[in-house]
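Trainee: missing the sequence, but the structure's below:
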């Protein structure tokens, strides 16, 4: 079946195949999405809407950058959604009483709240890292397990109801604030992108993430402490997810245990659509960000086209599977072209 | 199933000699893959009750030929005759029904199923639509007993050793009426004891009149079980000769198309200071027992023995890859017993693993990243905590030029290179930094002769520049022609230490096996 489809696609002209192999499926998808949504809604290609898309995509973009690290090392992290949730809950639970006790010390309240939230989220990453790197638990079971635990903790702490009482300044700074008309979360995302870009492309640690995922034995023989870098991948993934959790809390202005449920799938989808291999070892940060923006674009476009949100889930799922199929096809064509 | 394709062909008229009719014959078989002619008009014949060895380098066409004989591929040109009749093999199953069975290196067993379930997989015996378990069990037991394999039919396959799994594959071949058995490098991952058992099985199959096509690139095995040898090179049949007329030099010449002196460089022997001193080494899993060895600067020291004799583990132990139970490893005057790979690399020793895909290289990454990977911490590659990519590129490019990598593109993924060029990249990982000791574990496995020559030339250069080289190899000519001193291992222990003129084929070989040196 796969073969027959592949053969039919192979009858495409050679230049298209080459292009496909080089750049992957994402640019094709982006072009199609732009054309479809522009024709469906006149509001789609307006400056205001583009800014909306950028803002909406930030949360997923940050999580996807973390997810990418786990994928690069040949694993994945299913707990990113719950990390976002626990960050939100802990940050809110820290800020709310402080805001009551010291109404004038807002800066300190915000700082402590953010730090507590990120510490909580990163702790989950540390636990994931220990499980995967030290105890060799499969990333699937490990992160699924911690996701359940974390969710349980978040629900227990909040009894399942939103945590109110976050200082208004939090939402003002990390959500509404605009500099040159661009919302503040976009700047945070851009800053993290730069840090991650340097990390992945200009540091030893970044190179080692690729190496460990590409061939863990060869990495060990090259003197790399593979356990440490596996561990770090999950820690950084947790840290990034919790930063996303902080921003999302600012947007919601409450601490919520029930947020982030779709993030594991969406972040993996963003990476895979962006060309990160599920087998580990390959993927570019820029394409992952494009993948996340693409998903944001689809959601936004569907909102504008008034497609109901339940149906949107169906579309995202289909896109993910298509991306994986396209990746297989790409491997197949690559082999063919090599011959 | 597709038995009607067994069309009668013309009788072989020209067979004037009284030789018995071949059971399987390939006439001017060619196979073309897109862009490559893998086989070029190859003739091959197999008599019943003989072991016909297919010999040649990787890429010579051995695999393609056996895959055609086993029904995996269809020839682009030429024909196959089975018991004198022309056949067009429709697939592996069809070939198997005719009695032609192949055991490839990749086993086709389901690990979670039992031995007997695997034996009859796809041909289950049923009664009224249900699997007839007792009949299955009875037959499986019968086949195993007949072959003398010490296997329990109800044991799950994943509990078996590799050799035992191979027995299951072979037993599977015997489930049908077997007349041709094709074995593809069957000893590749067997221990010597397991290999002995395999040889006994081959003898037994022979005596039942089964013709055996045996693919190997190990010369020692040819003499052990072969009757005739066909040498392939670049997809062509170079020669077919009786084992008795083939010595190693002749075979190597036929295989490579070169005279020995063109393949192996002369290495001047100027031993310097002691670099590596292993004393009484015992590895935790006992694959190496109280083993001692020394390597001096400017010396090529051989470590020979059958696969599984522990020679690879000695190299790995020096590189911090084995748990050491007892003994000491001193490198350049410093005790490095139990040190990590990183620490040993930093002190200037490098281990080249035997399987480049498995643990040598990262196939989906570029040449540049692969070569610099062990040395990124070094000052040459880092500036202010960040990678110095320009410096890295310059160094790698320089090295790639020296190694004559084809194509010389350092940013291309390794997947895009041929096996020989991948091996050059693997070697380059050790050349980019100041390394004093090279532990080369099967450095020329699966490379073409051109690369082989290039690698030997590098060994010579390194050695003359004062590096010490421990050459761990199953390739006898390599040991004979390159080393100044050679240790031979047998079952984890030192069997012999040979020096200079003592390193002869007979003396090395006689220490490979159980039997004592022939008088």
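Mentor: Cool, the structure landed. What you see is a predicted model; the values in this text were computed from it and never measured.
Trainee: Would you tell me which residues of chain B are close to chain A?
Mentor: Applying Cβ under 8 Å from any Cβ of the partner chain, we find that chain B lies next to chain A at B:33-36, B:319, B:321, B:340-342, B:344-346, B:351, B:353, B:358-365, B:369, B:373-374, B:376-377, B:382, B:385-387, B:389, B:415-416, B:429. Every residue, glycine included, has its C-beta placed from N, CA and C.
Trainee: Now list the buried members of the residues you listed.
Mentor: Buried members of the residues of chain B next to chain A, counted by 16 or more other Cβ atoms under 10 Å in any protein chain shown: B:319, B:321, B:341-342, B:344-346, B:351, B:353, B:359-365, B:369, B:373-374, B:376, B:382, B:387, B:429.
Trainee: In strands only, show me the residues you listed.
Mentor: Secondary structure from DSSP state E places B:351, B:382, B:387 of those in strands.
Trainee: residues contacting the residue most central in space within chain A?
Mentor: The residue lying closest to the centre of chain A (Cα atoms, centre = their mean) is residue A:64, at 1.8 Å. Residue A:64 makes contacts with A:266, A:267, A:270, A:271, A:274, A:288, A:289, A:291, A:292, as judged by Cβ atoms under 8 Å, 6 or more residues apart in numbering or on different chains.
Trainee: and residue B:384, how many residues sit next to it?
Mentor: Neighbours of residue B:384 under the rule other Cβ atoms under 10 Å in any protein chain shown: 5.
Trainee: go on, residue B:489?
Mentor: Residues near residue B:489, counting by other Cβ under 10 Å: 27.
Trainee: Which pair of the contacts of residue A:64 spans the longest distance?
Mentor: Pairwise distances across the contacts of residue A:64 (Cβ to Cβ) peak at 13.6 Å, for the pair A:266 and A:289.
Trainee: For the closest residue to residue B:273 other than its chain neighbours, give its distance to chain A.
Mentor: Leaving aside its sequence neighbours, residue B:273 sits nearest to residue B:297 (Cβ to Cβ, 6 or more residues apart in numbering or on different chains; 5.4 Å). Between residue B:297 and chain A the computed distance is 22 Å (Cβ to the nearest Cβ, to the nearest Å).
Trainee: show me what contacts residue B:297?
Mentor: Residues near residue B:297 by Cβ under 8 Å, 6+ apart: B:271, B:272, B:273, B:275, B:436, B:466, B:467, B:468.
Trainee: Check the residues you listed for burial and list the buried ones.
Mentor: Neighbour counting over the contacts of residue B:297 (16+ other Cβ under 10 Å) leaves B:271, B:275, B:436, B:467, B:468 as the buried ones.
Trainee: so, if you compare these, which one comes nearest to residue A:108?
Mentor: residue B:436 (57.6 Å).
Trainee: How much space separates that closest one from residue B:462?
Mentor: Per Cβ to Cβ, to the nearest Å, residue B:436 is found 10 Å from residue B:462.
Trainee: Please measure how far the first residue of stretch B:405-416 sits from its last one.
Mentor: 12 Å (Cα to Cα, to the nearest Å).
Trainee: So the closest residue to residue A:131 other than its chain neighbours: helix, strand or coil?
Mentor: Spatial nearest neighbour of residue A:131, chain neighbours left out: residue A:142 (3.9 Å); criterion: Cβ to Cβ, 6+ apart. Classification of residue A:142 using DSSP: H, G, I helix; E, B strand; the rest coil returns helix.
Trainee: distance of residue A:142 from residue A:149?
Mentor: Distance from residue A:142 to residue A:149, by Cβ to Cβ: 11 Å.
Trainee: With residue B:353 instead?
Mentor: In this view, residue B:353 and residue A:149 are 40 Å apart by Cβ to Cβ.
Trainee: ok, which stretches of chain A are strands?
Mentor: Ranges of strands in chain A, per DSSP E, are A:178-179, A:182-183.
Trainee: Oh, that last question was meant for the stretch 351-500 of chain B, not what I typed.
Mentor: Applying DSSP state E, counting those that start in this stretch to the stretch 351-500 of chain B gives strands spanning B:382-383, B:386-387, B:437-441, B:468-473, B:485-490, B:493-499.
Trainee: Packing partners of the helix or strand just after the longest one?
Mentor: Using DSSP states H and E, the helix or strand that follows strand B:493-499 in sequence is helix B:505-510. Packing contacts for helix B:505-510, counted by 3 or more Cβ pairs under 8 Å, 6 or more residues apart in numbering or on different chains; DSSP states H and E, involve helix B:476-482, strand B:493-499.
Trainee: what's the average pLDDT for helix B:505-510?
Mentor: Here helix B:505-510 scores 78 as its mean pLDDT.
Trainee: Buried residues, it. List them.
Mentor: For helix B:505-510, the neighbour count (16+ other Cβ under 10 Å) marks B:505, B:507, B:508, B:509, B:510 as buried.
Trainee: Going by distance to residue B:135, which of those wins?
Mentor: residue B:509 (47.1 Å).
Trainee: now the closest one: how far from residue A:284?
Mentor: Distance, residue B:509 to residue A:284, using Cβ to Cβ: 53 Å.
Trainee: Please apply the same query to residue A:90.
Mentor: From residue A:90 over to residue A:284 the distance is 33 Å, taken as Cβ to Cβ.
Trainee: what do you get for residue A:175?
Mentor: For residue A:175, the distance to residue A:284 equals 29 Å [Cβ to Cβ].
Trainee: Give me the more crowded residue out of those two.
Mentor: Neighbour totals were compared for residue A:175 and residue A:284, and residue A:175 leads with 19 against 16 (other Cβ under 10 Å).
Trainee: Which phi and psi values does the nearest residue to residue B:126 once chain neighbours are set aside adopt?
Mentor: Nearest non-adjacent residue to residue B:126, counting by Cβ to Cβ, 6+ apart: residue B:132, 6.0 Å away. Dihedral pair for residue B:132: phi -90, psi 90, per degrees, to the nearest 10.
Trainee: Please apply the same query to residue B:503.
Mentor: Torsion angles, degrees, to the nearest 10, at residue B:503: phi -80, psi 90.
Trainee: Make sure it is actually in contact with residue B:302.
Mentor: Yes - between residue B:503 and residue B:302 there is a contact at 7.4 Å, judged by Cβ atoms under 8 Å.
Trainee: re the thing from before, which one of the strands of chain A has the most crowded surroundings?
Mentor: The highest mean neighbour count among these, using mean count of other Cβ atoms under 10 Å in any protein chain shown, belongs to strand A:182-183: a mean of 18.
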